[in-house]
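K.L.:
please work out how this folds:
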Amino acid sequence: MKRSILGLVVLLMLPLTGSRASDVVTVWVEPSQSVDVYWEVNLSGKVYVAADIDGRPACLEYWWIRWPTTSIKSLGRRCGATSFSVRGLADLAVGGKLRAGSAEATTRIRGTASERVAHDLFRVV
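P.N.:
Sure, this is the predicted structure:
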């Protein structure tokens, strides 16, 4: 439980620290739970994840929860390594989080992101 909480805290801090491709975070998901894999506000780029069970590719359901509307956008079931676009302010969302679930067994998710500020809201023209 403590490891899950620590992993979530690290994931939540990724956008604030300007993650690099070398910053890999590991999160574990149990069959009966869903986990937040990535969280962003006003960013664009890509999130890269790889899910496995004991070194074998694992399949998970992924979805975005868009903020502030909390609307859900299903990304479908993906197996092994995959990537997702972070679309900035697209879909009328200021931010959002990538969530994963529907694991068949205890599954490791390793993730990283390549991101940049989507819109400079404080720039004076």
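K.L.:
now do stretch 81-100: distance from first to last residue.
P.N.:
End-to-end span of stretch 81-100 (C-alpha to C-alpha, to the nearest Å): 13 Å.
K.L.:
average pLDDT across it?
P.N.:
What stretch 81-100 shows for mean pLDDT is 84.
K.L.:
hmm, who's touching that stretch?
P.N.:
Here stretch 81-100 makes contact (C-beta atoms under 8 Å, 6 or more residues apart in numbering) with 29, 34-51, 57, 60-69, 71, 73, 75, 109, 113, 115, 118-119. The C-beta positions use only the backbone N, C-alpha and C, and glycine is treated the same way.
K.L.:
now do the buried residues in that stretch.
P.N.:
Neighbour-count burial for stretch 81-100, counted by 16 or more other C-beta atoms under 10 Å, picks out 82, 84, 86-88, 93-100.
K.L.:
mind jotting down where the strands sit in the chain?
P.N.:
25-29, 35-41, 43-53, 56-57, 59-67, 72-79, 81-87, 95-101, 107-117 (DSSP state E).
K.L.:
any idea how far residue 74 is from residue 66?
P.N.:
12 Å (C-beta to C-beta, to the nearest Å).
K.L.:
these two: who's more crowded?
P.N.:
Shown here are residue 66 and residue 74; by other C-beta atoms under 10 Å, residue 66 has more neighbours (19 against 9).
K.L.:
so how far is residue 104 from that one?
P.N.:
Residue 66 is 27 Å from residue 104, by C-beta to C-beta.
K.L.:
residues near residue 37, how many?
P.N.:
For residue 37, using other C-beta under 10 Å, the count is 26.
K.L.:
need the pLDDT of it.
P.N.:
Residue 37 is given a pLDDT of 95.
K.L.:
pLDDT weak spots in this protein?
P.N.:
For the chain, the stretches with pLDDT under 70 are 1-22, 88-92, 119-125.
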